[in-house]
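Trainee: below are the sequence and a predicted model; questions follow.
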Amino acid sequence: VKREGGAVAAGLGKLECIPAPAPEIIGESRSKGKVAVRLSDRVVLASGNRYCSLSFEEAAPLLSDPSVAKCGFGLKNTALSGDLFDIEIMHYLLNPERSHKLEMLASHYLGVTLEESGSDGQMMLFDFDDKSAGRECVAAGMIEPFLRTELQEQRLWDLYTRIEMPLIGILARMEAEGVK
């Protein structure tokens, strides 16, 4: 992806995502040592622009594997181990005054919209849509390298890895115990 002036050179397009069998995504993630994660009623995993949707039980071995880094948006969850690259927190360190919504980050860093073209938007409040969740997960995985580079360039990488990253698990455990 070519960037000019802090954003992707291309105009807003649609993020192309491809559903894939779970064993392929899990295998790729283990070999690369990294997976993009989206947590909701189900777990969505992504590698590159390919994604799959699993139950928490099916995803648990990968989510708890400390040798596989996880990146995503809003990663406070006690089931996750290993390095956690939460793009919401990473972006906050870079731009505390700006919006950290995933849609805004996808537009800025990738030049894409997360909305599916032609969708009528008629989902119920708590519906889980594999396609939308897949796009969000893929986008988070693609945005993370940009934020990592910016954090390194602005000498904020140590702040993220030494303070913010360990706090993700601590805050997740506190919330699980009832402290919010």
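Mentor: Arrived safely, thanks for sending.

Trainee: in the protein, what helix or strand scores lowest on average pLDDT?
Mentor: Among the helices and strands of the chain, strand 7-8 carries the lowest confidence by mean pLDDT, DSSP states H and E, at a mean of 38.

Trainee: so for the most centrally placed residue in the chain, what's the nearest residue that isn't a sequence neighbour?
Mentor: Nearest to the mean C-alpha position of the chain, counting by C-alpha atoms, centre = their mean, stands Gly72 at 1.9 Å. Of all residues beyond its chain neighbours, the one nearest Gly72 is Val37 (4.2 Å), with distances taken as C-beta to C-beta, 6 or more residues apart in numbering. No exception for glycine: its C-beta is placed from N, CA and C like everyone else's.

Trainee: same question for Gly74.
Mentor: Using C-beta to C-beta, 6+ apart, the closest residue to Gly74 is Glu88 (5.8 Å).

Trainee: in three-state terms, label that neighbour for me.
Mentor: Local secondary structure at Glu88 is given as helix here, using DSSP: H, G, I helix; E, B strand; the rest coil.

Trainee: check contacts around it.
Mentor: The neighbours of Glu88, taking C-beta atoms under 8 Å, 6 or more residues apart in numbering as the test, are Phe73, Gly74, His100, Leu102.
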